[in-house]
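S.K.: Okay, structure incoming, though there's no sequence with it:
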DNA sequence: TCAAAAGTGTTGAGCGTACACCCATGC
DNA sequence: GCATGGGTGTACGCTCAACACTTTTGA
């Protein structure tokens, strides 16, 4: 079966830049392409948008199909459509970025992906298509958005220590923060809920665990509160 | 001539939310549709992306074709692709927003537009498709981006008074600002260049004209300066 | 001379930043 | 008891917000 139109149409795809955080590094999830073009090369997970599905849906579907990830934070990044970005034909892609708690998810390659692996951001292979550019855009967006939106919590376990939160900001923003000032600032905001639990399995005094209080954040936002690190 | 593909493809369009500022109001440029669907309804200027042209190019081309505007500030906003947003078929659109100096440009309808007119933002007609949503998104983006990027200057004449600049911020952000504090803050930034000209044709003391110094802004940005109102 | 807007400084409060030590825990 | 990181307070400088009067100009 084929489909015929009066005017030529660019193909439409979605691509996802998936960020994850381990204790020391910001990582990104790449797949090894099983098909041409760029077969055997590393690329962002993604694929064609189907007629009748929204592009957000396409992004989630492709992410799940190729890497097994679902129910993650996913937000639109930008759309790129340089006619030469795909050697086959004019392909316009809507890029997304996702944030996941590395510990919560196990990835596994599927469908068009031979492998799905986490790469540290400072040790990346050359990527297929213009995926380097998209990844850079996503990285910049993450860095700037992290400062004025509470999206960092998406990269941490549900319950986390203040030290973990601080480390997250230090890693992504790439600068050191003062421990006392950081704690003062974030606690004063009133968007963290103290749990009655503490860390376990550490060889020193165990730290208190906190949880991001999305309710409180929403309430405060409506009253003009502005999150900022 | 027709075009045939192995898989169905959504159609791809671009739409532009064009903002302009007169002395008292933020306005948006709409066109009256000459063709179905929504014939006779007001809509955002836009149209189909051609194979072989970048989407930025498509946005500029459509803007020029339908409204006569060219060489304006234009930036990608978002991409929407709900399959039901167009009654004909699945159409994905890449939305842009543009900022223009009202005084510098004369608009005129052309091609698929019966008319092109400026509407005040608080007196809008019901728009075709989901263009209301896109316009709202653009308005929010403008409001938030205005605060931390020097894009407001795109809405003013090349040379402007501090009062005009302040009025721009007051109109778009929808709150009053203190004159002395505003002047102090913006002048201290060092991104305005004082010209040796003053206003003319005013029935009171004429104000000094300033110019946005993009060079200085770029230099300072590289050194970590962060524009913010 | 009047009307209208331009232009200009000071003060107090709150916030960001810099900085060092004691405490709890596991080994 | 020692190593490791958890947890805490203060002082200073800067920025932000509030606030009113004089000056210039054209009509």
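M.R.: In hand now; what should we look at? All of these numbers come straight from a predicted model, not from anything done at the bench. Residues are numbered from 1 along each chain as shown, chains lettered A, B, ... in the order given.
S.K.: what about the closest residue to residue A:82 other than its chain neighbours, how many neighbours?
M.R.: Ranked by C-beta to C-beta, 6 or more residues apart in numbering or on different chains and with sequence neighbours excluded, the top spatial neighbour of residue A:82 is residue B:54, at 5.3 Å. Using the backbone N, CA and C atoms, a C-beta is placed for each residue, glycine as well. Close neighbours of residue B:54, defined as other C-beta atoms under 10 Å in any protein chain shown, add up to 18.
S.K.: from chain A, which residue is nearest to DNA strand C?
M.R.: residue A:205 (3.3 Å; C-beta to the nearest atom of the strand).
S.K.: element containing that residue?
M.R.: Using DSSP states H and E, residue A:205 sits in no helix or strand.
S.K.: thinking again about what came up before, mind checking how far the residue nearest to residue A:82 is from residue B:45?
M.R.: Shown here: residue B:54 relative to residue B:45, a distance of 18 Å by C-beta to C-beta, to the nearest Å.
S.K.: same question, residue A:162
M.R.: 50 Å.
S.K.: So for these two, which sits in the more crowded spot?
M.R.: Comparing residue A:162 with residue B:45 by other C-beta under 10 Å, the one with more neighbours is residue B:45, at 29 against 17.
S.K.: Run through the residues that contact the more buried one.
M.R.: Counting by C-beta atoms under 8 Å, 6 or more residues apart in numbering or on different chains, residue B:45 touches B:15, B:16, B:18, B:29, B:30, B:31, B:62, B:63, B:66, B:67, B:113, B:116.
S.K.: Next, check the residues you listed against the helices and list the overlap.
M.R.: B:62, B:63, B:66, B:67 (DSSP state H).
S.K.: In chain A, where is pLDDT below threshold?
M.R.: Counting by pLDDT under 70, chain A contains no low-confidence residues.
S.K.: all helices in it, in order from the N-terminus.
M.R.: Secondary structure of chain A (DSSP H): helices at A:55-67, A:131-148, A:162-173, A:179-189, A:214-222.
S.K.: tilt between the longest one and helix B:131-148?
M.R.: With axes from the mean of the first three to the mean of the last three C-alpha atoms, to 10 degrees defining the directions, helix A:131-148 sits at 70 degrees from helix B:131-148.
S.K.: can you list the residues of chain A near DNA strand D?
M.R.: A:161-163, A:179-181, A:183-184, A:198, A:203-208 (C-beta under 7 Å from any atom of the strand).
S.K.: What's the PyMOL syntax to select whichever of the residues you listed are buried?
M.R.: To isolate the buried subset of the residues of chain A next to DNA strand D in PyMOL, counting by 16 or more other C-beta atoms under 10 Å in any protein chain shown, use the following:
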select buried, chain A and resi 161+162+183
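S.K.: List just the nearest of the residues of chain A next to DNA strand D to residue B:218.
M.R.: Among the residues of chain A next to DNA strand D, residue A:181 lies closest to residue B:218 (C-beta to C-beta), at 30.9 Å.
S.K.: domain assignment for chain A?
M.R.: Following automatic domain parsing, chain A resolves into domains at A:11-148, A:156-222.
S.K.: and among the ones you listed, the most buried is which?
M.R.: domain A:11-148 (a mean of 18; mean count of other C-beta atoms under 10 Å in any protein chain shown).
S.K.: starting at the chain centroid, how far to that domain?
M.R.: Centre-to-centre, domain A:11-148 and its host chain are 9 Å apart (C-alpha atoms, centre = their mean, to the nearest Å).
S.K.: now residue A:1: how far from residue B:88?
M.R.: Distance from residue A:1 to residue B:88, by C-beta to C-beta: 21 Å.
S.K.: How about residue A:36?
M.R.: 34 Å.
S.K.: and if you look at residue A:120?
M.R.: 47 Å.
S.K.: Check residue A:175 too.
M.R.: 51 Å.
S.K.: wait, residue A:147 sits on residue A:177?
M.R.: No - applying C-beta atoms under 8 Å, one finds residue A:147 not in contact with residue A:177, separated by 11.8 Å.
S.K.: Name the residues contacting each of the two.
M.R.: Counting by C-beta under 8 Å, 6+ apart, nothing touches both residue A:147 and residue A:177.
S.K.: And the ones in helices among the contacts of residue B:45, which is closest to residue A:189?
M.R.: Residue A:189 lies nearest to residue B:63 out of these, by C-beta to C-beta, at 42.0 Å.
S.K.: Hmm, that closest one is touching residue B:73, no?
M.R.: No - using C-beta under 8 Å as the test, residue B:63 is too far from residue B:73 to be in contact (11.5 Å).
S.K.: what sits in contact with each of the two?
M.R.: What both residue B:63 and residue B:73 touch, as defined by C-beta under 8 Å, 6+ apart, is the set residue B:98.
S.K.: Tell me the backbone dihedrals of the residue nearest to residue A:12 when sequence neighbours are not counted, please.
M.R.: Nearest non-adjacent residue to residue A:12, counting by C-beta to C-beta, 6+ apart: residue A:49, 4.5 Å away. Here is the backbone geometry of residue A:49 (degrees, to the nearest 10): phi -80, psi 130.
S.K.: Tell me who's in contact with residue A:49.
M.R.: Counted by C-beta under 8 Å, 6+ apart, residue A:49 has contacts A:12, A:13, A:14, A:55, A:58, A:94, B:10, B:81, B:92.
S.K.: Apply 7 Å and report the result again.
M.R.: Applying C-beta atoms under 7 Å, 6 or more residues apart in numbering or on different chains to residue A:49 gives the contacts A:12, A:13, A:14, A:55, A:58, B:10, B:81.
S.K.: Then residue A:131?
M.R.: Counting by C-beta under 7 Å, 6+ apart, residue A:131 makes contact with A:15, A:43, A:44.
S.K.: Can you tell me the closest non-neighbouring residue to residue A:45?
M.R.: residue A:66 (4.3 Å).
S.K.: Correct me if wrong: the one you found contacts residue A:30.
M.R.: No - look at residue A:66 against residue A:30 with C-beta atoms under 7 Å: they stay out of range, at 10.3 Å.
S.K.: who in chain A is up against DNA strand C?
M.R.: Residues of chain A found near DNA strand C (C-beta under 7 Å from any atom of the strand) are A:178, A:179, A:180, A:181, A:184, A:185, A:202, A:203, A:204, A:205, A:206, A:228.
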